[in-house]
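S.K.: Sequence and predicted structure are below.
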Amino acid sequence: MYLDGELEFFSDSVIVRGQKGYLKEGGAFWYDSKLDYSGTFIEHIDTKDGTCLEKERFYSALENELISANKMQLCVLR
């Protein structure tokens with residue numbers, strides 16, 4: 001798996017900071033997420049002081065992860 005950002009290791013998971021993504025309407029953003037050691041998504045972490053965007057603005061994979069986590073938006077860096 002290719003990761004864009006920095007990694008922070010914990011006993012049962014990894015936080016990946018600064019992953020790069022693109023919005024449906026265009027434009028890049030950076031976000032943080034937590035994965036287990038097999039690379040399975042656990043949760044997306046809101047970026048402190050980030051721009052909060054509605055889930056519909058993201059492509060389907062990220063939007064579906066937000067829906068599964070009952071999140072209506074994700075705060076990211078733009």
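M.R.: Sure thing, it's come through. All values reported here derive from a predicted model rather than from experimental measurement.
S.K.: What does the pLDDT read for the nearest residue in space to E43 that is not next to it in sequence?
M.R.: In this structure, E43 finds its nearest non-sequential neighbour in K34, 4.9 Å apart by CB to CB, 6 or more residues apart in numbering. From N, CA and C alone the C-beta is placed, and that goes for glycine too. Per-residue pLDDT puts K34 at 96.
S.K.: who's K34 bridged to?
M.R.: Taking DSSP bridges as the rule, K34 bridges to I15, E43.
S.K.: can I get the CA coordinates of stretch 44-59 in PDB?
M.R.: The C-alpha trace of stretch 44-59 is given here as PDB (Å, rounded to 0.1, in the frame of the first residue of the first chain):
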ATOM      1  CA  HIS A  44     -11.000   9.200   9.500                       C
ATOM      2  CA  ILE A  45      -9.700  11.900  11.900                       C
ATOM      3  CA  ASP A  46     -10.800  15.500  11.600                       C
ATOM      4  CA  THR A  47      -7.900  17.900  11.000                       C
ATOM      5  CA  LYS A  48      -7.700  20.500  13.700                       C
ATOM      6  CA  ASP A  49      -8.500  24.000  12.300                       C
ATOM      7  CA  GLY A  50      -9.200  22.300   8.900                       C
ATOM      8  CA  THR A  51     -12.000  23.000   6.400                       C
ATOM      9  CA  CYS A  52     -15.000  20.800   7.100                       C
ATOM     10  CA  LEU A  53     -16.500  19.400   3.900                       C
ATOM     11  CA  GLU A  54     -19.800  17.500   3.500                       C
ATOM     12  CA  LYS A  55     -19.400  13.800   2.700                       C
ATOM     13  CA  GLU A  56     -21.000  14.300  -0.800                       C
ATOM     14  CA  ARG A  57     -18.000  16.300  -2.000                       C
ATOM     15  CA  PHE A  58     -15.600  13.300  -1.800                       C
ATOM     16  CA  TYR A  59     -15.300  10.400  -4.200                       C
END
